[in-house]
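> Output the structure for:
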Amino acid sequence: MSSAQPSLAFAGLGLMGVPMSQRLLAAGYPLTVWNRSPGKCDRLAAQGARAVSTPAELCGDAELVMLCLADTAAVREVVFGPGGIVEGARPGQLLVDFSSLEPAATREMAAELEARSGMRWIDAPVSGGTPGAEAGSLAIMAGGREADIERVRPVLAHLGQRLTRMGEVGAGQVTKVCNQMIVACNALVIAEVVALAESAGVDASLIAPALAGGFADSRPLQILAPQMAESRFEPVKWHVRTLLKDLDTAVKLSREQASATPMSGLAAQLMRLHGSQGNLERDPATLVEQYRQAKS
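I've put the predicted structure just below:
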């Protein structure tokens, strides 16, 4: 990249996209933004971003076009749908996708985008949630050409504490699947732990501090256990539907690779049960309610 700050573009201003965009603006990057619900651009426009009306317009002056969208279907629509990124893309530009998608679909879309426009793809899913997005401490796992990833490293340093190239396009998504398998199974077991402690007469709010630094400790434990013990489910920091989507991706990938993932398969069914009870848009801390109800 040149010594001047490169122009950036960002699509998808949700729980993660807004704080990530704000960090890029604070670092002095010219930023163009788009969101399906245009009103979500207003806050960033007030902070210096330029809002556009179609994804294709994101490609105007941008060296990097970044995405943080809900799922594979949303990314495909934004990239290849009417007014999509492919209509404005050109050789030399890079698409950096922070979304969590199916690895095979990522590879297919990357090949199609490059064949049609010359724009290359980096899959760079993140872990760390909204606190990590706000603090710039995300873990970023990337798939793509080594030179392309090195090209974006200075920009992504404002968003994450660590950027690791995992391999070619799609490798970042495989790594995110592995991450989400651990996170989701952890969340379900933490819910069981809190409900069990409560039913046995132990103050569940003491679980996280009591286990801190031991082998059972984890960031999910320190974040989720206090929320669950206090039934503190607002504000929503992430969604049950996101974990369910990623667990379904894990199960699909395991079938494709003939690899056994029985715990993640069970976790997907438990997450689906919880979601079917009206919890898809709620915080995963609400998983504890499933086990409290089981007792009553």
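
> can you tell me which residues contact the closest residue to residue 54 other than its chain neighbours?
Distance criterion Cβ to Cβ, 6 or more residues apart in numbering; nearest residue to residue 54, sequence neighbours excluded, is residue 83 at 3.7 Å. Every C-beta, even on glycine, is put in place using the N, C-alpha and C of the backbone. Counting by Cβ atoms under 8 Å, 6 or more residues apart in numbering, residue 83 makes contact with 54-56.

> for residue 250, same thing?
Contacts for residue 250 (Cβ under 8 Å, 6+ apart) come out as 177-178, 180-181, 261, 264, 268.

> and it, what element?
Secondary-structure assignment from DSSP states H and E places residue 250 in helix 240-256.

> List the buried residues of that helix.
Along helix 240-256, these residues count as buried under the neighbour rule (16 or more other Cβ atoms under 10 Å): 240-251, 253-254.

> from memory residue 285 sits against residue 228, does it?
Yes: applying Cβ atoms under 8 Å, one finds residue 285 in contact with residue 228, separated by 5.2 Å.

> So which of the two has more stuff around it?
In this view residue 285 and residue 228 are compared by other Cβ atoms under 10 Å, and residue 228 has more residues nearby, 31 against 27.

> can you give me the strands for this protein?
Taking DSSP state E as the test, the strands found in the chain are 8-11, 31-34, 50-51, 64-67, 94-97, 120-123, 126-127, 138-143, 160-167.

> is it true that residue 38 touches residue 45?
No: at 9.9 Å, residue 38 and residue 45 do not qualify as touching, with contact defined as Cβ under 8 Å.

> can you list residues touching both of the two?
Taking Cβ under 8 Å, 6+ apart as the contact rule, residue 38 and residue 45 both touch residue 51.

> Show me which residues of the top helix by length along the chain are buried.
The residue-count maximum for a helix in the chain (DSSP state H) belongs to helix 171-199. Judged by neighbour count using 16+ other Cβ under 10 Å, the buried positions of helix 171-199 are 171-177, 179-181, 183-191, 193-195, 197-198.

> same check, this time on stretch 69-76
Residues of stretch 69-76 classed as buried by neighbour count (16+ other Cβ under 10 Å): 69-72, 74-76.

> Residue most distant from the centroid, this protein?
Farthest-out residue of the chain from its mean C-alpha position, per Cα atoms, centre = their mean: residue 201, at 36.7 Å.

> circling back to that earlier point, of the contacts of residue 250, which is the nearest to residue 21?
Distance to residue 21, by Cβ to Cβ, is smallest for residue 180 among the contacts of residue 250, at 23.1 Å.

> Quick one: residues contacting the closest one.
The contact partners of residue 180, by Cβ under 8 Å, 6+ apart, come to 100, 243, 246-247, 249-250.

> Looking at those, which one is closest to residue 119?
Of all the contacts of residue 180, the one with the least separation from residue 119 (Cβ to Cβ) is residue 100, at 20.9 Å.

> burial of the closest one, as a residue count?
If you count neighbours by other Cβ under 10 Å, residue 100 ends up with 26.

> didn't it look like it was pressed against residue 244?
No: counting by Cβ under 8 Å, residue 100 stays clear of residue 244, with 11.7 Å between them.

> Look up how far residue 246 lies from the spatially closest residue to residue 141 that is not a sequence neighbour.
Nearest non-adjacent residue to residue 141, counting by Cβ to Cβ, 6+ apart: residue 175, 4.0 Å away. Using Cβ to Cβ, to the nearest Å, residue 175 is found at 12 Å from residue 246.

> And for residue 147?
Residue 147 is 29 Å from residue 246, by Cβ to Cβ.

> Show residues contacting stretch 186-195.
For stretch 186-195, with Cβ under 8 Å, 6+ apart as the criterion, the contacting residues are 204, 207, 218, 220-221, 224-225, 228-229, 243, 267, 270-271, 284, 287-288, 290-292, 294-295.
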